[in-house]
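Participant: Following is a predicted model, sequence given first.
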Amino acid sequence: MNPIQVPRKPRKCQICNNTTVVEISYGDPTEWVMQMAEEGKLVLGGCIISNLSPQWQCVQCHTQYIKATN
């Protein structure tokens, strides 16, 4: 499924209505980033990033969101 385009970080998921939409962290994770991921406060996105990479993800249903460009 392609990421949903949104103007800003959603307060709640458009699919499951949960409020657990968090930032996706790209690159080599630090200890702090790993801790945040374990706590469900962010999602690890891998090492490769492009302008098509989503910025946010719902922790509950894994729906991804990307900031819409105008």
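Facilitator: Perfect, thanks for sending it.
Participant: State the distance from C16 to C61.
Facilitator: 4 Å (Cβ to Cβ, to the nearest Å). No exception for glycine: its C-beta is placed from N, CA and C like everyone else's.
Participant: ah, wrong one, I meant E38
Facilitator: 19 Å.
Participant: Repeat that for D28.
Facilitator: Taken as Cβ to Cβ, the span from D28 to C61 is 27 Å.
Participant: More neighbours: the two, which one.
Facilitator: Higher neighbour count among D28 and C61: C61, with 13 against 6, using other Cβ atoms under 10 Å.
Participant: my guess is that one contacts K12, does it?
Facilitator: No. Using Cβ atoms under 8 Å, C61 is not in contact with K12, being 11.3 Å away.
Participant: which stretch of helix or strand covers R11?
Facilitator: Here R11 sits in a region with no helix or strand, counting by DSSP states H and E.
Participant: residues contacting it?
Facilitator: Going by Cβ atoms under 8 Å, 6 or more residues apart in numbering, R11 touches 19, 21.
Participant: now V43
Facilitator: 22-25, 37, 57, 59.
Participant: Pull out the buried members of those residues.
Facilitator: When these are checked for burial by 16 or more other Cβ atoms under 10 Å, the buried set is 22, 24-25, 57, 59.
Participant: Out of those, which comes closest to S50?
Facilitator: I24 (12.6 Å; Cβ to Cβ).
Participant: any idea how far W32 is from the spatially most central residue of the chain?
Facilitator: By Cα atoms, centre = their mean, the chain has its centre lying nearest to W56, at 2.3 Å. From W56 across to W32, the span is 19 Å (Cβ to Cβ).
Participant: W32: what secondary structure?
Facilitator: helix (DSSP: H, G, I helix; E, B strand; the rest coil).
Participant: How many residues are close by it?
Facilitator: Neighbours around W32, by other Cβ under 10 Å: 9.
Participant: Can you verify my assumption that the residue nearest to the centre of the chain contacts S25?
Facilitator: No. Here W56 does not reach S25: they are 10.9 Å apart, not a contact under Cβ under 8 Å.
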